[in-house]
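K.L.:
fold the following and give me the result.
(one chain, ligands or ions: 1)
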Amino acid sequence: MVSRRALLTTGAASAVLFGLGGTWWVKTGPARSAREPWNAASAGFGDPRLNVLAYAILAPNPHNMQPWRIGLGEGGEFTVYCDLDRLLPETDPPNRQITIGFGCFLELCRQAAAETGLRADITYFPEGEPQPLLDDRPIAYVDLVEDASIPADPLFSTVLDRRTSRLPFDTSRPVDPGTLAELQAGTVDGVEVLATAEAALVDELRTLTTDAWAVEWDTASTRRESIEVMHIGKAEVDAKPYGLSIDDRLTSTIGMLGLMSPEALDDPESSAYRESLKFYDRACASAMAYVWSTTPTNTRRAQLDAGRAWVRTQLAANALGLSFHPLSQALQEFPEMAEHYKRAHELLSNNAGDTVQMLARLGYAPVVGPAPRQALESKLLPG
Ligand SMILES: Cc1cc2nc3c(=O)[nH]c(=O)nc-3n(C[C@H](O)[C@H](O)[C@H](O)COP(=O)(O)O)c2cc1C
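P.N.:
Predicted coordinates:
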């Protein structure tokens, strides 16, 4: 097994690379180590499975919890498990969103493999679908097989530029319906991706997403779940490059001053609490279009497929220059959200009984930097 040695070797190579100053964060300043996996991905790890996994760990996932745990097998295969300490039981009671994140992860495995002439044979839930909650059974078994007939996926060229943006979008710049049609075209079988820039529906969705965010933040249990996984300031984000990271220059200063402490965020009388509400209000009010996805069933498989389709949609959006911000609150299954959940399904599903799996706002904004990631090595189960 070459894994650990290969990783260490690559770490050294990366340090030389950073030393040359050719990387974006040397110029722009965010915490270096928390973003290192974005640079390391293309370096090569001396093992095809690690080469693929180095891209997969960059997948979008709820609250950036990165719940992946990987068991490397004897040959070209690996098994993907969920780290059950990284679930979000308050905002994601049925583990639906966490499962969608695994779908994003598996799609990036597939794309990264195809890039080097490997076919990723993916078996979902080889020991059965975990219901009603995820458990210690595997999420997927992945075998990488050489196959010269496997086409590279054009979306893969955007993988290192994929970003979630929470900035306000430019309200003077509409999103063209033709652009939305391109996004929708990249879905996978079994998942419908829909989008609108039509003013009346965008307006309704702005209201829905704003109101749903207020419910998530004003409900103590869901707010506290987010606060518990928040890391404030560069040093803390470097040490814990997962969860909700608040480490751009301004907020890390506020964090150091103690204005944005976990305690203040949890106090409805504080400015940190009110600013958090306003932050999302501004974001939702500047939505210029929305994209969402639906599935006819809500099985674990459907959730993985929804994740595969979702990361494809986001890659396509970013490739077209669109900023992309998932707004999942109205789709969440905790009791206080029931009214908005119902409204979201009335507005967004074409067929009764469909599950709306994802919803995001779209628009144009300055490009943001990548989110933190834990090193690949920390995700490998002891072999
Ligand atoms: C299932 C799912 C739900 C998400 N919901 C939200 C959300 O409600 N609000 C948000 O700001 N980001 C949401 N995101 C985006 C994640 O927070 C983001 O992927 C993660 O922080 C990593 O950042 P990155 O996508 O820039 O790599 C969601 C992502 C997934 C896969």
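K.L.:
can you count the residues close to the residue of the stretch 151-300 of the chain found nearest the ligand?
P.N.:
Of all residues in the stretch 151-300 of the chain, Thr164 sits closest to the ligand, at 3.5 Å by Cβ to the nearest ligand atom. C-beta: built from backbone N, CA, C; applies to glycine. Residues within reach of Thr164, counting by other Cβ atoms under 10 Å, total 16.
K.L.:
next, it: secondary structure please.
P.N.:
Of the three states, Thr164 takes coil under DSSP: H, G, I helix; E, B strand; the rest coil.
K.L.:
within range of the ligand, give me the residues from the stretch 151-300 of the chain.
P.N.:
The stretch 151-300 of the chain comes close to the ligand at residues Arg163, Thr164, Arg166, as judged by Cβ under 6 Å from any ligand atom.
K.L.:
residue ranges of the strands in this structure, please?
P.N.:
Using DSSP state E, the strands of the chain run over 68-72, 77-82, 118-124, 140-146, 192-196, 230-232, 244-246, 289-295, 323-326, 355-363.
K.L.:
what angle separates the first one from strand 77-82?
P.N.:
Right, the one you point to is strand 68-72. Between strand 68-72 and strand 77-82, the angle comes out at 150 degrees (axes from the mean of the first three to the mean of the last three Cα atoms, to 10 degrees).
K.L.:
in contact with the residue most central in space within the chain, which residues?
P.N.:
Using Cα atoms, centre = their mean, the residue of the chain that lies closest to the mean C-alpha position is Pro60, 1.8 Å off. Contact analysis of Pro60 by Cβ atoms under 8 Å, 6 or more residues apart in numbering lists Gly101, Cys104, Arg162, Thr164, Trp310, Val311, Gln314, Pro326.
K.L.:
pretty sure the third one contacts Thr313?
P.N.:
No. Counting by Cβ atoms under 8 Å, Arg162 sits too far from Thr313 to count as a contact (10.7 Å).
K.L.:
neighbour count: those two, which is higher?
P.N.:
Each of Arg162 and Thr313 has its neighbours counted (other Cβ under 10 Å); Thr313 has more, 26 against 22.
K.L.:
list the residues that contact that one.
P.N.:
For Thr313, the contact set (Cβ under 8 Å, 6+ apart) comprises Leu183, Gln184, Gly186, Thr187, Val193, Val291, Ser293, Ala360.
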